[in-house]
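J.: everything below, folded, please.
(2 chains)
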Amino acid sequence: MTTTEMPDTLHRILDYSSRADPYPLYAELRETPVALQDDGSYVVSTYREITDLLHDPHLSSDVRNLSHPMPGAETGATPAFINLDPPEHDRLRRMAMRHFGPPHTPGLVTGLEPDLTAIVGRLIDDFAGKEQIDIVDDFAYPFPVTVICHLLGVPREDEPTFRLWVNDIINSIDYDPRTDPKEKLDNGVQARQALRQYLGGLLEQRHGRPGDDLLTRLANDDGPDGRMTDEEIISTANLLLIAGHETTVNLITNGMLTLLRHPEVLQRLRDEPGLVVALVEELLRYEPPVHIIPWRAAYSDITVAETVIPKGSQIMLMLASGSRDPNRFHDPDHFDPDRRDNQHLGFGSGIHLCFGGPMARLETQIALSELARRLDGPSLVADPPPYRRSPVLRGPIHLHIEQT
Amino acid sequence: MTSADTLRAFKRDGRIVVVGASLAGLRAAEALRDEGFTGSLTMIGDESGEPYDRPPLSKQVLTGWVPADGTTLPRRRDVNAEWLLGVPASGLDLATNQVRLADGREVPFDRVLISTGVRARPWFVESEAALDGVFVVRTREHAEGLQRALAAGPSRVLVIGAGFTGSEIASICRERDIPVTVAELAPAPLVGALGAMIGEIAADMQRAHGVDLRCGVKVTRLEGDAQGHFRRAHFDDGSTVDADVAVVALGGIRNTEWLRGSGLAAGVWGIACDTGCRALDLNGLITDDVFVAGDVARCPNPVYEYRLISLEHWANAVEQAEVAAHNMVSGQADRWPHLSIPLFWSIQFGVNIKSVGVPTFADEVVVTQGSVSDHRFVAAYGYRGRVTAAVSFNNAKWLDHYRQLIETAAPFPPPCPTPDQPVDMKPVPVDFPGPVLLAQGATVVVTGHDPGERRVTAVQQHR
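T.: Prediction:
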């Protein structure tokens, strides 16, 4: 028995009141690994079933394959590769990777280390004299934004402008027509257009110019796959700009929150700096920044856990629930930075495995190491802290701390 | 003493000997310590250095990117073993539980793990094999010698055998802009492992990269000059090729000769064992204290009709070693079967080739995803209507799905459409001799009449 109608658990998870601790609800959800919802969508919450689906070529990332259209889907715009299937996905991701990672640009991420450390250092310097520090506004947000702006070639001073658009876009990702005002959706659609227009303007200045930032390189460099069209570059930049900081903010903030809740681990991090690598992996499992992949489509009928998901169905993958599945991880609700065999779903899996994963890892490792090293007896002002609205990209909206 | 007491005492004070100190041996040793074995551990290896990794030898080492001595295997933990290196084992006495070394020493054990692997099959004429410029590639020294020869800028390299190693070496030569001729007995490269359809693609890749590929020919003679340097190869069609370097890439020979007379079911086909990695004796009886892992093991796989299959795969060596180690220090009820689905990869001509399952266990093959002409696709293999293997070219991230199809005996060809699917998804014959081939070579003679006297003698053949 794998399919029952269980609308309540999912809606309780999506409800804001569960944001601080959705994990007991995930446990409830896992009792039915593949759960049909009353709107015909399927929620998948167990590790094995999620990984099976993420590796299944019948699972489409292209919402145009849904039998009921996604609310607020952009019409006409070229989707970013995260929302495309092979071969288009593969081609665009490969072209973007040429400028970001191995084999053509192998040292980019590791080469950023001194810059990242310097940015982190300056942000922590600015804590001086403050009675309370907001880990989000004073640190975890400005850090990855500065990095992704530098990397893409987006002016840092434009951040207040695109911040508003990104907020509206993030807000609309989990739009629920049953409970949300249509305004939320419309704002998202408008914000997408505005952000595209903004990036298009930046791109226009880059054609025919030398430069090392990603926008300039995408605009001017030919690889074996040729050159991206302007539309494709804008979609790619759009994706990297949003995904390049929205998720890392939460990973760093969730990380600091977890360390403050586990002072013995915070102390260990000060004493054994090498611990940070395994610690960040455990964070990606235990308090990941991406909780849900809300929009995948069944390209054909898909059988998973003896349930047939009909072609065209919407599938929601509950990544954070899968990473706490006791059938996969020993004592999954225990935060254990020494955990081995930690193949978490923090970055997803399969062909859409997080493009920026290596950078997010490095940013978070440096951020948490330096916070641990330089903060003096930090403590939480409120536990739980206030959370952001989104159940998909989950994290505190503020994390106030005091030092002794 | 109960059996639990005996086991506890063995884990505390027992003596384990590992014969074969390469990947499987090292990983088994680490796993034994992880499992809480605190007794004495002896590692026996015929090479003098520390265990090293072999896949880079035909890849990164030959490009000159990584030095041959830069492939030492990382130690995942301290194994606290006695290392007897540089001397091969020469015999196994199961009556007295001792391993004999070539220098006459004898090493006693309570349990022994055999992971002696394979060695390169040398050129069949010894005097020609000894010519300067003739290489095989199996060890670090081999790779180092060949890398030096390639760095010297040879006028042409001849690669004999277009399996994975031969094809990788040809690819490196082209990457270094060295003219290369590949001679292959089969109609195309990789045919023995992946069948005719993939073979044709591999042949196209080689030719597109400027390899002088000659298939369906046999090299009959390697000719040297007065200084004893290789200069020319003669083919059975009467043609010749002039080259300074010849690489003999004709596969491996399992290192089992030292077990002759031991009573184990060991021969050219490997050492037969059960899925728990316990060696079988010649009569097919399970031994209690002899375990096998890695390239030299020949293990039944329930997914493939329980046929005994030996695999020269990196992942198989690691996984089998871990199962063997666990079983060596566990009681009967806690033993694990080695059931992992085989996995293999290669990099050549800019293409990442990866396979899951046993492609030779198939009668049909079909391209299920991607585009053959772009050299990025997945092909599924089927045997009697179920999926048994898959091969990807530059598309490896999908293989977990095919592993699941294999494990669940999913129907072949896979029925549902996927994005990026070829228009014509028609299975074609795989063109192997079929699974029959897997069982070749294990020849024995049965003697005796009464159940109490029936025994097996091996018909030994090593070639």
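J.: does the spatially most central residue of chain A belong to a helix, a strand or coil?
T.: The C-alpha lying nearest the average C-alpha coordinate of chain A belongs to residue A:247 (CA atoms, centre = their mean; 3.8 Å). Here residue A:247 takes the helix state, with states given by DSSP: H, G, I helix; E, B strand; the rest coil.
J.: which non-adjacent residue is nearest it?
T.: Spatial nearest neighbour of residue A:247, excluding adjacent residues (CB to CB, 6 or more residues apart in numbering or on different chains): residue A:289 at 4.3 Å. (Each C-beta comes from the backbone N, C-alpha and C, glycine too.)
J.: quick one: contacts for that neighbour?
T.: Residue A:289 makes contact with A:247-251, A:254, A:346, A:393-395 under the criterion CB atoms under 8 Å, 6 or more residues apart in numbering or on different chains.
J.: so what's it scoring on pLDDT?
T.: pLDDT recorded at residue A:289 is 97.
J.: can you list the buried residues in the helix or strand encompassing residue A:199?
T.: Residue A:199 belongs to helix A:182-204 when assigned by DSSP states H and E. By 16 or more other CB atoms under 10 Å in any protein chain shown, the buried positions in helix A:182-204 come out as A:184-185, A:187-189, A:191-192, A:194-196, A:198-199, A:202-203.
J.: show the subsequent helix or strand relative to it.
T.: Using DSSP H and E, the helix or strand that follows helix A:182-204 in sequence is helix A:214-220.
J.: find the closest residue to chain A in the stretch 201-350 of chain B.
T.: Nearest to chain A in the stretch 201-350 of chain B, going by CB to the nearest CB, is residue B:350, at a distance of 9.3 Å.
J.: show me where the stretch 201-350 of chain A has strands.
T.: With strands called from DSSP state E, counting those that start in this stretch, the stretch 201-350 of chain A shows them at A:293-298, A:302-304, A:307-309, A:314-317.
J.: mind putting these in TSV, mean neighbour count and mean pLDDT included?
T.: As requested, those are exported to TSV (neighbours: other CB atoms under 10 Å in any protein chain shown; pLDDT from 0 to 100):
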stretch	mean neighbour count	mean pLDDT
strand A:293-298	23	95
strand A:302-304	22	95
strand A:307-309	19	96
strand A:314-317	22	98
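J.: follow-up on the earlier one: I'd assumed residue A:393 was in contact with the residue nearest to the centre of chain A.
T.: Yes - if you go by CB atoms under 8 Å, residue A:247 and residue A:393 touch, sitting 6.3 Å apart.
J.: which residue is nearest the centroid of chain B?
T.: Note: chain B centre (CA atoms, centre = their mean) maps to residue B:312, 1.4 Å.
J.: the residue lying closest to residue B:67 once chain neighbours are set aside: what's it in contact with?
T.: Once flanking residues are discounted, residue B:67 sits nearest to residue B:61: 7.2 Å by CB to CB, 6+ apart. Contacts for residue B:61 (CB under 8 Å, 6+ apart) come out as B:67-68, B:70-71, B:143-144, B:147.
J.: list buried members of those by neighbour count.
T.: Using 16+ other CB under 10 Å as the burial test, the contacts of residue B:61 include B:68, B:71, B:143-144, B:147 as buried.
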